[in-house]
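1. coordinates for the following, if possible.
(one chain, ligands or ions: 2)
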Amino acid sequence: MVDLAISCRCGQFGAKLKNVSPKTGSHVQCYCKDCQAGAKALGAEETLLPRGGSDIYQTIPANLELTKGQEHLACLRLSPKGLMRWYASCCDTPVFNTLGGTKLAFIGVSVPAMQGDGVGKAIGKVIAVVHTKDAPFGTEPLKDYGFNKAGFNVLARHFGALMRGQVKDNPLFKGGEPVVEPRVLSKAERKAATP
Ligand SMILES: [Zn+2]
Ligand SMILES: [Zn+2]
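-> Numbers count the residues shown, from 1 in each chain. Ligands and ions are numbered 1, 2, ... in the order given. This next block holds a predicted model:
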């Protein structure tokens with residue numbers, strides 16, 4: 001297991017992800033329209049994979065530590081109850097995804113925001129590729145796999161965190177509430193960002 005530095009594109013926001021390994025988290029790629037829209041709403045399409053996928057490492061929030069420029073931390077939701085898409089507002093870099101609260105010990109960390117040569121080895125191979133039917137047309141062949149495995153791993157990590165008393169250990173929430181008020185896209189904004 002290793003610790004990885006996380007940085008936004010301009011470097012003003014930083015974090016540390018602890019205990020990274022292919023066993024303590026899951027490397028997944030999501031091609032759903034919402035993930036594409038989230039990146040587009042931030043003007044961060046270049047963080048996406050060639051056919052619009054989001055490259056994500058899923059783990060428990062207790063592994064996250066905010067280290068720099070916390071005042072730039074911001075949060076976007078495509079709808080009032082949508083996934084919380086955390087980003088660094090200094091340069092609109094997507095950094096984390098969470099649910100709306102701390103009931104489930106889940107966080108998705110954007111792989112492009114992870115720093116250093118050791119990232120690929122630390123997070124391991126992709127165990128799940130999902131929602132490829134939403135990928136824009138392209139030459140790179142894509143096929144869904146691993147959806148159930150990724151879901152099972154989320155639950156297994158949650159129960160591990162539960163036994164260690166770590167479920168609410170999450171620097172993005174305080175007393176179950178997000179540390180910053182999420183910005184919810186208007187219907188028009190969402191429509192404009194959705195492929
Ligand atoms: Zn920045
Ligand atoms: Zn998605």
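2. how much space between the residue lying closest to residue 27 once chain neighbours are set aside and ligand 2?
-> Of all residues not flanking residue 27 in the chain, residue 123 sits nearest, at 4.6 Å (C-beta to C-beta, 6 or more residues apart in numbering). (Glycine included, C-beta is placed from N, CA and C.) Taking C-beta to the ion, to the nearest Å as the measure, residue 123 falls 17 Å from ligand 2.
3. now do residue 8
-> 20 Å.
4. before we move on, the earlier item: the residue nearest to residue 27 - how many residues pack around it?
-> Neighbour count of residue 123, defined by other C-beta atoms under 10 Å: 27.
5. again, but for residue 195
-> When neighbours are counted by other C-beta under 10 Å, residue 195 comes out with 10.
6. pretty sure it sits against residue 40.
-> Yes. Counting by C-beta atoms under 8 Å, residue 195 does reach residue 40; the two are 7.5 Å apart.
7. so what's residue 58 up against?
-> With contacts defined as C-beta atoms under 8 Å, 6 or more residues apart in numbering, residue 58 is in contact with 25-28, 106-109, 150, 153-154, 157.
8. in this structure, which spans are helices?
-> Here the chain has its helices, by DSSP state H, at 33-41, 119-123, 147-163, 187-193.
9. just the strands in this protein please.
-> Counting by DSSP state E, the segments of the chain that form strands are 2-7, 14-20, 26-30, 54-59, 64-68, 73-77, 84-88, 93-98, 107-110, 126-130, 173-174, 177-178, 183-184.
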